[in-house]
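Colleague: Build me a model from this:
(2 chains)
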Amino acid sequence: MTTTIAKTGSVDAMELLTVHLRIKRYNPEVDTKPHWEEFEVQQKASDTVLNALHNIKWTVDGTLSFRRSCAHGVCGSDAMVINGENKLSCVNLISDVGTDLVIEPIRGLPVIKDLIVDMEPFFAQYRSVIPYLIAEDDPGYKERYQSQEDRARYDDTTKCILCACCTTSCPVYWANGEYVGPAAIVNAHRFIFDSRDQGTERRLDILNQKSGVWRCRTSFNCTEACPRGIKVTQAIEEVKRAILYDRV
Amino acid sequence: MSLNVHFHSYDAVIVGAGGAGLRAAIEVSGKCRTAVLTKLYPTRSHTGAAQGGMCAALANVEEDYWEWHAFDTVKGSDYLGDQPAIDIMCQEAIDAVIDLEHFGLAFSRTPQGKIDQRRFGGHTRNHGEAPVRRSCYAADRTGHMILQTLYQQCVARDVNFFNEFQVFDVIFEGEGTERRCAGVVAYELATGDLHVFASKGVLFATGGFGKMFRISSNAHTLTGDGPGVLFQNGLPMEDLEFYQFHPTGIYGLGILLTEGARGEGGILRNGLGERFMERVAPTVKDLAPRDMVSRAIHAEIKEGRGAGPDKDYVYLDLTHLPPEQIDAKLPDITGFVRTYLGIEPKKDPIPIQPTAHYAMGGIPTNVNAEVVIDTNNTVMPGLYAAGECACVSVHGANRLGTNSLLDIVVFGRRGGRAMAEYVSSVGHPDVTKAAADKVRDHIERLKSSKGGEKVAELRTALQETMTRNASVVRTEESLKEAKATIDDLRKRYESISIDDKGSVFNSDLTEALELSHLLDLANGLVVGAMARQESRGAHWRDDFPVRDDVKWMKHTFAHQDAEGNVTLDYKDVVGGKYQPMERKY
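Modeller: Modelled structure (predicted):
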């Protein structure tokens, strides 16, 4: 019994490659505006972009600053712009993104330091859509039932890890920070289409305002950016239809 | 250079915003002035990485009773778990799952619409007869769903979060029997300012410390900050030598592949294609508890039956499962395999190896999550701990899969309730900004040091020695080697210097502070493991390969003195209706 590990097992994958990184840097204690810095590190093809960033931080320049935690794409800490696209650094391998990397902070949120942006506006927008179950009925000391079909109805949007890849890839969001953005709508969708929830009217009213779903111009950037594979644009369209046709 | 110091006064402070911290926050908020401090954002916590499920004897799909769950947990703990605490956990499990459902958790459902349940390692019907379907789950992202749901409920309750505030010290006041916890000192990552939080109650829920190992399923941020801070303040740690290695980490990386994969029918195979767990656990086979499976994998590799060019891994084989079952039940983990190994788990077996996963030991507590400070169970008033950072002890020498998610919600809730009640009956502590002096001195020392030792080098050396010498199988010799390395690293730590001297998001600095926690806890782990001359649960000594119930039915309490030396004393296991017997599956 053998499996050939395409990414780490082959001789090629073990070979060290020279990776060039061009990183947009900003230190508020020193700089008046962002600037670019270049680094070269040796990585395996199977290493992630996060490995390369850690390599710089731990062996070249300890001041390089970025957020990270789980390192396998479930915590949502390390969204950044890699070669022009919003990605999580920990799920993108050098073999996928290449050895010439241009890395910038995600756009549309204020940069605090290097790749770290202020996430507070993003979470405020998330909170604005009432992102929790509203169920006034008392189910008593037992679980509520939910059919497998009803459960499947909102499965996709339960995957969101609030990394902000979608929202900060949206051209409308870049131009208008008042727009709640795709991630907030995804999290509203998760409850609007949950058969147990009774807060649909309130959420649809919020998303029918001028900061809501009608700002979306269906550019599909969000769907392309989502590291969890959520059909973000589709979720936004479903919310629009729910507002227009009053159907959930 | 002088750091700004701010002062806050609260009734209750919760440190950590994973499952245990958030569950506690839900209990406390609305009852008293509460602050929740986390070095991340709550939704970044590693609870979100848990996959397989949370066991509770709901009996939704087959006959089950909480007593069976308790028996399995006691046996799984290799009889080191305290049975009254285990009874509470397994009884309240049912409540806890229903609570989560009411909070909106999107459980996977049965065709009748009930919460679905699946098999998991070590969970059996009627005291070991056969695997039982007990784990309530949401695809293979149950932890993600729990974390999101609890955070949502905190948003609903307008819980007061201090995001990206990292706690580096705990404050006490009074002497002798008057001594009580009085708050914490936190470092604000965005500004570098220090914050003294005076508080009547403090609950630590900071998670594990798996980053002391090289091959680990743990997040970079799991550095044992809560246990580390308390250990450094002279409080004991319980059972540190019991550290769990999950059998199925992705080869070379350690990323977790849930036991639920075997619950769904996945099989472990060695390099020859043999289903080796049939030899080790004839009844439950691949669903034996984690300590046994990890040891079996270690043995296959050691005896030359591993796979790959270096014969240093085995396989998790899902290829016989229906593709639609894989897509529906195991979408995330199969995605990880595609991403990191570039193989298709529907066609090819997955290379795996044991990975450092979970600390059974930690801050000793009673069943109300009150921290106890000696082997007489003396409570430190105002101080609480819950979740992986705590040791109740419900997991004993080896935790069963899913019982960690259960632990965080059951004891997070109990701790929150106990703290809310306590703070309503005591006065405010008398704390000043001077409480921040110790942390400020440490930070200023690190920033001005020109010693030349590098955090990353020391941490890597620690991780290497721990994975090589203090993992699945240990000996006197291997532990001595680990101890010598740790002693050397702790000396070198005194000469650490950092590149970043700034105040804003100085993770160069925080990594240095975190390393001191890892080093101290690793030292406690190794000292405890050297002393325990028996094999029990996850602590396997090749030189003492038998469980010794005469001498070792007891919990280790490790104390670190001001010079950093560790001494040990012991507390008897609290028994119950199940007497120790040979662990066969």
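
Colleague: Now do stretch B:242-261: distance from first to last residue.
Modeller: With Cα to Cα, to the nearest Å as the measure, the first residue of stretch B:242-261 is 25 Å from its last.

Colleague: Going by neighbour count, list what's buried in that stretch.
Modeller: By 16 or more other Cβ atoms under 10 Å in any protein chain shown, the buried positions in stretch B:242-261 come out as B:242-261. Placement of C-beta: from N, CA and C, glycine included.

Colleague: Of those residues, which belong to strands?
Modeller: Secondary structure defined by DSSP state E assigns B:243-250 of the buried residues of stretch B:242-261 to strands.

Colleague: any chance of those residues in a markdown table, plus distance to chain A?
Modeller: As requested, those are exported to a markdown table (distance: Cβ to the nearest Cβ, whole Å):
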| residue | distance to chain A |
| --- | --- |
| B:Tyr243 | 19 |
| B:Gln244 | 18 |
| B:Phe245 | 18 |
| B:His246 | 14 |
| B:Pro247 | 17 |
| B:Thr248 | 14 |
| B:Gly249 | 11 |
| B:Ile250 | 9 |
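
Colleague: Would you mind giving the residues you listed as CSV with pLDDT added?
Modeller: Below are these laid out as CSV (pLDDT from 0 to 100):
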residue, pLDDT
B:Tyr243, 98
B:Gln244, 98
B:Phe245, 98
B:His246, 97
B:Pro247, 97
B:Thr248, 97
B:Gly249, 97
B:Ile250, 96
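
Colleague: Need the max-distance pair from those residues.
Modeller: Spanning the widest gap among those are B:Tyr243 and B:Ile250, at 19.3 Å by Cβ to Cβ.

Colleague: I'd guess B:Ile326 is in a strand, am I close?
Modeller: No. Counting by DSSP: H, G, I helix; E, B strand; the rest coil, one finds B:Ile326 to be helix, located in no strand.

Colleague: That one contacts B:Pro345, doesn't it?
Modeller: Yes. The pair B:Ile326 and B:Pro345 qualifies as a contact (Cβ atoms under 8 Å) at a distance of 7.0 Å.

Colleague: which residues are in contact with both of the two?
Modeller: B:318, B:334 (Cβ atoms under 8 Å, 6 or more residues apart in numbering or on different chains).

Colleague: The two: which is more packed in?
Modeller: Taking B:Ile326 and B:Pro345 together and counting by other Cβ atoms under 10 Å in any protein chain shown, B:Pro345 has the greater number of neighbours (26 against 21).

Colleague: could you measure that one against chain A, distance?
Modeller: 9 Å (Cβ to the nearest Cβ, to the nearest Å).

Colleague: residues in contact with that residue?
Modeller: Taking Cβ under 8 Å, 6+ apart as the test, what B:Pro345 contacts is B:318-319, B:326, B:334, B:337-338.

Colleague: Now do it, the pLDDT please.
Modeller: Listed pLDDT for B:Pro345 reads 97.

Colleague: ranges for the helices of chain A?
Modeller: Under the criterion DSSP state H, chain A carries helices at the ranges A:11-14, A:49-59, A:94-97, A:120-128, A:148-153, A:171-175, A:181-192, A:200-207, A:221-225, A:232-245.

Colleague: Just the mean pLDDT for the second one, thanks.
Modeller: Averaged across helix A:49-59, pLDDT comes to 98.

Colleague: Same check on stretch B:429-438?
Modeller: For stretch B:429-438, mean pLDDT rounds to 95.

Colleague: for it, how far is the first residue from the last?
Modeller: For stretch B:429-438, the first and last residues are 19 Å from each other (Cα to Cα).

Colleague: who touches it?
Modeller: B:3, B:5, B:7, B:169, B:171, B:173, B:180, B:182-183, B:185, B:194-196, B:198-200, B:382.

Colleague: Report the buried residues of it.
Modeller: For stretch B:429-438, by 16+ other Cβ under 10 Å, it's B:429, B:431, B:435-436.

Colleague: What are the neighbouring residues in contact with residue 220?
Modeller: All of this refers to chain A. A:Thr233.

Colleague: wrong chain, I was asking about chain B
Modeller: Counted by Cβ under 8 Å, 6+ apart, B:His220 has contacts A:68-71, B:211.

Colleague: Show me which of these is closest to B:Ile14.
Modeller: Comparing these against B:Ile14 with Cβ to Cβ places A:Ser69 closest, at 18.7 Å.

Colleague: what's the neighbour count on that closest one?
Modeller: With neighbours defined by other Cβ under 10 Å, the count for A:Ser69 comes to 24.

Colleague: so it makes contact with B:Thr43?
Modeller: No. Contact criterion Cβ under 8 Å: A:Ser69 and B:Thr43 do not qualify, at 10.4 Å.

Colleague: Chain A contacts on the stretch 401-550 of chain B?
Modeller: B:454-456, B:498-500, B:502-508 (Cβ under 8 Å from any Cβ of the partner chain).

Colleague: With pLDDT and distance to A:Cys163 added, can I get the contacts of B:His220 in CSV?
Modeller: Shown next, in CSV, are those (pLDDT from 0 to 100; distance: Cβ to Cβ, whole Å):
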residue, pLDDT, distance to A:Cys163
A:Arg68, 98, 11
A:Ser69, 98, 11
A:Cys70, 97, 11
A:Ala71, 96, 13
B:Lys211, 98, 22
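
Colleague: Filter the residues of the stretch 401-550 of chain B next to chain A down to just the ones in helices.
Modeller: The helices, defined by DSSP H, take in B:455-456, B:507-508 from these.

Colleague: I'd like the residues you listed as JSON lines, with neighbour count appended.
Modeller: Compiled in JSON lines, those are given as follows (neighbours: other Cβ atoms under 10 Å in any protein chain shown):
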{"residue": "B:Val455", "neighbour count": "25"}
{"residue": "B:Ala456", "neighbour count": "17"}
{"residue": "B:Ser507", "neighbour count": "22"}
{"residue": "B:Asp508", "neighbour count": "24"}
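
Colleague: how about the residues of the stretch 1-150 of chain B near chain A?
Modeller: Counting by Cβ under 8 Å from any Cβ, the stretch 1-150 of chain B comes close to chain A at B:40-41, B:43-46, B:48-49, B:58, B:97-98, B:101-104, B:106-115, B:138-139, B:141, B:144-145, B:148.

Colleague: buried subset of those?
Modeller: Neighbour-count burial (16+ other Cβ under 10 Å) is assigned, among these, to B:40-41, B:43-46, B:48-49, B:58, B:97-98, B:101-104, B:106-110, B:113-115, B:138-139, B:141, B:144-145, B:148.

Colleague: of the contacts of stretch B:429-438, buried ones?
Modeller: Here, 16+ other Cβ under 10 Å leaves B:3, B:5, B:169, B:171, B:173, B:180, B:182-183, B:185, B:194-196, B:198-200, B:382 buried among those.

Colleague: Now for the closest residue to A:Pro227 other than its chain neighbours, how many residues are close by?
Modeller: Once flanking residues are discounted, A:Pro227 sits nearest to A:Leu88: 4.8 Å by Cβ to Cβ, 6 or more residues apart in numbering or on different chains. Neighbourhood size, A:Leu88 [other Cβ under 10 Å]: 28.

Colleague: give the contact list for A:Leu88.
Modeller: Residues in contact with A:Leu88 (Cβ under 8 Å, 6+ apart) are A:73, A:76, A:78-80, A:163, A:165, A:227.

Colleague: Between all of those, which two are separated the most?
Modeller: A:Gly73 and A:Met80, at 13.3 Å, using Cβ to Cβ across the contacts of A:Leu88.

Colleague: Of those two, which one has the most company?
Modeller: A count of neighbours by other Cβ under 10 Å puts A:Met80 above the other of A:Gly73 and A:Met80, at 29 against 25.

Colleague: residue contacts, the closest residue to that one other than its chain neighbours?
Modeller: Closest residue in space to A:Met80, ignoring its immediate chain neighbours: A:Leu115 at 5.1 Å, by Cβ to Cβ, 6+ apart. If you count contacts by Cβ under 8 Å, 6+ apart, A:Leu115 has them with A:23-24, A:65-67, A:80, A:103-105.
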